Every structure is written in C-alpha cells, then in structure tokens.
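Visitor: Generate coordinates for the sequence data below:
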Amino acid sequence: MKNKLILIFATFSMATTMILVVNILGGTSLTNFIVLEVMAVCALSTLFCTLFLTYVQTDFKNYLAVVGVVLIVSLGSYIFNWQLSLVGILLSAGVTLVLIFINYELDKQTAKEMNQLLKSLKADDDNKEA
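Guide: Just a heads-up that it's a prediction; the model follows:
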C-alpha cells in the first residue's frame, strides 16, 4: 500500500510539474490560485486513472481513461474559468496521461519482475525438497 501511495504521489507531482511548465512556456501568467487549481485537476486525474486502470477490466480501458482525463480537464477548465481552447485541453490531458501511463507501465513491469522472482524462489524450494 505504501508503494502504491508513493507511486500515486509521484505521478501527481510529475503531472502537475509538466502542466505548469507547459503553461509557463505558453505564456500563461500563473498565480497561486491557478497553481492550486491545476494541482486539483491533476490530483483528480491521477486518482481517476489509478483507480480506473487498476479496477476496470476491459480491452479498451486505456482509451476510456483518456476520455475520462479529457473530461476531467474540460470540467476543470469550465469550473475554474480557464477558457482553454480544445488544443489546450487536449495538451493538458495528454501530458497528464503520458505521465500516468508511464508510471502504470512501470508498475506492471515491477509486478512482472516480482512474479518471476516468486517463481524462481518456488523452483528453488521444490529443488530443495527433492
């Protein structure tokens, strides 16, 4: 559980940082309130994707996660009156999703390595018994 929380926080941190960098490079003036708004949207997106990708078992769950994040960013744009264009919404959602999927794939790779280690330990135990 602790590792999962660390992974969620790392994903949130990277997503927030990348969104803020993209906004700064785009010439957006950021106030403390806007930074908090961005953090709220990134936190919601990260939580949604983490839970969605963990618990939903469909063949096209990655596409549904993309749609979910785009909707969350659009809702955040509407609620916080960011007046983002469609390109801005897609860019913000895209940056967040790329980072979330990278962490998700790293998590899957770690699980695969752990399963291989368990198999090798079991094989060693079987050899000792024989």
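Visitor: how about the spatially most central residue of the chain, what does it touch?
Guide: In the chain, the C-alpha closest to the average C-alpha coordinate belongs to residue 100, at a distance of 2.5 Å (Cα atoms, centre = their mean). When the contact criterion is Cβ atoms under 8 Å, 6 or more residues apart in numbering, the partners of residue 100 are 11, 15, 45, 46, 49, 50, 53, 65, 69. Any C-beta I mention is one placed from the backbone N, CA and C, and that applies to glycine too.
Visitor: And for the helix or strand where the fifth one lies, what's in contact with it?
Guide: Right, the one you point to is residue 49. Of the helices and strands defined by DSSP states H and E, residue 49 is found in helix 32-55. Helix 32-55 is contacted from outside by 7-8, 11-12, 15-16, 19-20, 23, 28, 61-62, 64-65, 68-69, 72-73, 76, 80, 82, 92-93, 96-97, 100, 104, using Cβ under 8 Å, 6+ apart.
Visitor: what about 7 Å?
Guide: Among residues not part of helix 32-55, those counted as contacts by Cβ atoms under 7 Å, 6 or more residues apart in numbering are 8, 11-12, 15-16, 19-20, 61, 65, 68-69, 72-73, 76, 80, 96, 100, 104.
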